[in-house]
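K.L.:
sequence and predicted structure, then a few things I'm wondering about:
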Amino acid sequence: MPISKETVKYVAHLARIELKQKELEKLSKQLEGILGFIDKLSKIDIKDIRPTSHILPINNVLREDKISPSLSCDEALKNAPHRVRNFFGVPKVIE
């Protein structure tokens with residue numbers, strides 16, 4: 001799919017990007033190559049290919065959940081600069 005320099009220049013103007021003449025030529029060729037590759041991909045028959053989330057056969061390493069003791073409120077809040085009952089006190093940020 002050929003892309004003219006005028007099209008690239010127009011899109012660059014919409015995006016507020018200033019391009020020099022050499023950049024217009026280079027970018028139009030690159031975009032033409034990208035769209036040509038996408039066109040090739042769209043012609044490939046993929047009906048028998050299973051979808052994948054990753055190209056490598058990797059799995060998450062999971063561990064068993066175990067119940068363990070947690071901090072008490074007093075222990076968790078002992079170094080808090082400001083405490084309101086069993087919570088961290090923070091300054092009001094909404095006026």
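P.N.:
Nice, thanks for sending it over.
K.L.:
switch to C-alpha atoms for all contacts and neighbour counts from now on
P.N.:
Fine.
K.L.:
just give me the neighbour total for Lys5.
P.N.:
Lys5 has 17 neighbours, counted by other C-alpha atoms under 10 Å.
K.L.:
so which bits of stretch 69-83 are buried?
P.N.:
Leu77 (16 or more other C-alpha atoms under 10 Å).
K.L.:
between the two ends of it, how far is it?
P.N.:
23 Å (C-alpha to C-alpha, to the nearest Å).
K.L.:
show me the shaky parts of this protein.
P.N.:
Residues of the chain that meet the criterion pLDDT under 70 lie in 1.
K.L.:
give me every residue that touches Asp74.
P.N.:
Asp74 sits next to Asn86 when contact means C-alpha atoms under 8 Å, 6 or more residues apart in numbering.
K.L.:
which helix or which strand is home to it?
P.N.:
Using DSSP states H and E, Asp74 sits within helix 73-77.
K.L.:
return the distance of that helix from the chain's centre.
P.N.:
Distance of helix 73-77 from its chain centroid, counting by C-alpha atoms, centre = their mean, to the nearest Å, is 37 Å.
K.L.:
again, but for stretch 24-31
P.N.:
Taking mean C-alpha positions (C-alpha atoms, centre = their mean), stretch 24-31 and its chain are 26 Å apart.
K.L.:
hmm, who's touching that stretch?
P.N.:
So stretch 24-31 is contacted by 3-5, 8-9 (C-alpha under 8 Å, 6+ apart).
K.L.:
and the residue positioned nearest the centre of the chain, helix, strand or coil?
P.N.:
Nearest to the mean C-alpha position of the chain, counting by C-alpha atoms, centre = their mean, stands Ser53 at 15.3 Å. Here Ser53 is coil, with the state taken from DSSP: H, G, I helix; E, B strand; the rest coil.
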